[in-house]
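In: Sequence isn't available, so here's the structure alone:
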DNA sequence: GTCTATACAGTGATAGAC
DNA sequence: GTCTATCACTGTATAGAC
């Protein structure tokens, strides 16, 4: 426990270098496109170091993911605590969705070297049904997401709980697909929608989703 | 040209058996989780047959995908031609979204042995930004999707084109994330939203999305 | 043309020496 | 703890049989 916590120790240096190299390479060329040998070469460590410190390539990915996900959860909860009904402020629902979505976009898409494609990584994990990935996402996001689900339900007291969950699910879909920025809409449309533009995406998403949430129940 | 078209020929039999086996195995265990040796063993053909007939594992996937995607496109265009404004019918926007979404769900999620997880496969491809996958999706869906994008824009004459494209993009996100059925919402909510239920999903999606499309432009 | 057997260069993982 | 050597396995390529 001591060695892994003390910054500057040989072990911590090795782990950090692996994480940095892996983040850069995964971002540049995707998960399957880069091998352990390339990661360890760039990090200047031995091939076996990855399996020694992380256990497997997949668990290296997990460590990488959790390191970037935590700030999102924390910022979400911080913003949630600031939401309140008051004259001159937007309606509660708008505040909640903004507080939920903004950290995912601002911290997930633009912060730091590996942030540029953390959104893509997250999107890939989010459409996978494999157990490992579900576990990673739950571990990273369940706490904050559940809090927002309940807050949205409270802000829409006339909407049955099942409908709230469905619409929340739809919101997750729009968020994740936008973060993935796959280029699909550019290929089908006239290029007027560019999901990579964070502020534009948020400004379009919130009114769209709020209108959907407020639709009469079926 | 003759041999590949005549059903029952030795070649057609081999190709068909590979496609069937690959569809089942990809569906069961994902794309990376199954090797060529397992596919060829189940199909009762030689290992090299895949590369001989398809060129690579990825192009096998492409053939598989296009085979199942074509009926979706055709059914969409058939339903689009039936949409019209008339007394006693739902508003045009509702008709359009229903015509766009229903074939993706009904043909993509439940028809045939490999249909059960064609939706998952499609979702995985849809969040990928790699060129091959973008090409596959364009080839499969651009014709029908573009037609619907224009029809929706015509049904919402007061909405700027950019806004239409953004909201259409959001719709794609809800559709794809629902088809992926990753289990995420069940893990965060109370299990009241089960994206695998096609009719329920459609009944919830259409009003939600129509309300979003009709939100005032920002 | 179709199919087979086999070889090849690459992967992630690991046992055991130091 | 770290490294070397090696393992079992992957997708792909090819030479040659039918």
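Out: It's in. Note that the structure is predicted; figures quoted are calculated from it, not measured.

In: so what are the domain limits for chain A?
Out: A:1-55, A:57-214 (automatic domain parsing).

In: how long is the longest one end to end?
Out: Taking Cα to Cα, to the nearest Å, the first and last residues of domain A:57-214 lie 44 Å apart.

In: Can you show me the helices along chain A?
Out: Per DSSP state H, chain A carries helices over the ranges A:2-5, A:10-29, A:36-43, A:48-54, A:57-82, A:92-109, A:118-126, A:131-155, A:161-180, A:184-188, A:198-214.

In: Low-confidence ranges, chain A, go.
Out: Within chain A, the stretches with pLDDT under 70 are A:1-7, A:110-116.

In: Got the phi and psi for the residue in it sticking out farthest from the centre?
Out: Distance from the C-alpha centroid of chain A, by Cα atoms, centre = their mean, peaks at residue A:87 (32.0 Å). Dihedral angles phi and psi of residue A:87 (degrees, to the nearest 10) take the values phi -60, psi 140.

In: same check, this time on the one 3 residues further on
Out: Dihedral angles of residue A:90 (phi, psi; degrees, to the nearest 10) stand at phi -60, psi 160.

In: Now do it against DNA strand C, distance only.
Out: From residue A:90 over to DNA strand C the distance is 47 Å, taken as Cβ to the nearest atom of the strand, to the nearest Å. In this view, the C-beta of every residue, glycine as well, is placed from N, C-alpha and C.

In: Leaving out chain neighbours, which residue sits closest to that residue?
Out: Leaving out its chain neighbours, the residue that sits closest to residue A:90 by Cβ to Cβ, 6 or more residues apart in numbering or on different chains is residue A:98, at 7.7 Å.

In: Ok, residue A:89 next?
Out: The shortest distance from residue A:89 to any non-neighbouring residue, by Cβ to Cβ, 6+ apart, is to residue A:95 (6.8 Å).

In: wait, what's in contact with the one you found?
Out: A:83, A:84, A:89 (Cβ atoms under 8 Å, 6 or more residues apart in numbering or on different chains).

In: Tell me who's in contact with residue A:79.
Out: Listed by Cβ under 8 Å, 6+ apart, the contact set of residue A:79 reads A:98, A:99, A:102, A:103.

In: Run a quick neighbour tally on the second one.
Out: This means residue A:99. Residue A:99: 21 surrounding residues under other Cβ atoms under 10 Å in any protein chain shown.

In: Can you tell me which residues in chain A are near DNA strand D?
Out: Within chain A, the positions adjacent to DNA strand D are A:3, A:10, A:11, A:14, A:45, A:46, A:47, A:48, A:49, A:52, A:53 by Cβ under 7 Å from any atom of the strand.

In: from memory residue A:198 sits against residue A:107, does it?
Out: No - the criterion here is Cβ atoms under 8 Å, and residue A:198 misses it with residue A:107 at 10.3 Å.

In: that older thread, out of the domains of chain A, flag the one nearest residue B:59.
Out: domain A:1-55 (16.3 Å; Cβ to Cβ).

In: Is the closest one in proximity to DNA strand C?
Out: Yes - counting by Cβ under 7 Å from any atom of the strand, DNA strand C is contacted by domain A:1-55 at A:34, A:35, A:36, A:37, A:38, A:47, A:48, A:50, A:51, A:52.

In: ranking those residues by neighbours, who comes first?
Out: Ranked by neighbours (other Cβ under 10 Å), these are led by residue A:50, which has 23 neighbours.

In: what sits against that residue?
Out: Neighbouring residues of residue A:50 by Cβ under 8 Å, 6+ apart: A:18, A:36, A:39, A:40, A:57, A:60.

In: Ok, residue A:21 next?
Out: Contacts of residue A:21 by Cβ under 8 Å, 6+ apart are A:39, A:40, A:42, A:43.

In: most neighbours, which of those?
Out: residue A:39 (25 neighbours).

In: Return the closest of the residues of chain A next to DNA strand D with respect to DNA strand C.
Out: Nearest to DNA strand C among those, counting by Cβ to the nearest atom of the strand, is residue A:48 at 3.9 Å.

In: what's the spacing between the closest one and residue A:20?
Out: 19 Å (Cβ to Cβ, to the nearest Å).

In: Get me the contact residues on chain A for DNA strand C.
Out: A:34-38, A:47-48, A:50-52, A:56-58.

In: make it 10 Å
Out: A:31-41, A:46-52, A:54-60 (Cβ under 10 Å from any atom of the strand).

In: And residue A:217, its phi and psi?
Out: Torsion angles, degrees, to the nearest 10, at residue A:217: phi -60, psi 150.

In: Can you report how many residues neighbour it?
Out: For residue A:217, using other Cβ under 10 Å, the count is 13.

In: what's it in contact with, if anything?
Out: Counting by Cβ under 8 Å, 6+ apart, residue A:217 makes contact with A:158, A:159, A:160, A:163.

In: Tell me which residue in chain A sits closest to DNA strand D.
Out: When scored by Cβ to the nearest atom of the strand, chain A has residue A:46 as its residue closest to DNA strand D, at 3.3 Å.

In: one step back: which single one of the contacts of residue A:217 is nearest to DNA strand C?
Out: residue A:163 (42.0 Å).

In: separation between the residue nearest to the residue of chain A closest to DNA strand D when sequence neighbours are not counted and residue A:8?
Out: Once flanking residues are discounted, residue A:46 sits nearest to residue A:40: 6.3 Å by Cβ to Cβ, 6+ apart. Relative to residue A:8, residue A:40 is positioned 21 Å away (Cβ to Cβ).

In: repeat for residue A:218
Out: When residue A:218 is compared with residue A:8 (using Cβ to Cβ), they lie 59 Å apart.

In: same check, this time on residue A:148
Out: As for residue A:148, its distance to residue A:8 is 38 Å (criterion: Cβ to Cβ).

In: could you dump the helices of chain A to CSV with distance to residue B:211?
Out: Converted to CSV, those look like this (distance: least, Cβ to Cβ, whole Å):
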stretch, distance to residue B:211
helix A:2-5, 50
helix A:10-29, 36
helix A:36-43, 46
helix A:48-54, 46
helix A:57-82, 24
helix A:92-109, 13
helix A:118-126, 24
helix A:131-155, 15
helix A:161-180, 10
helix A:184-188, 20
helix A:198-214, 5
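
In: how about those, which one is nearest residue B:190?
Out: Across the helices of chain A, closest to residue B:190 is helix A:161-180 (Cβ to Cβ), at 6.8 Å.
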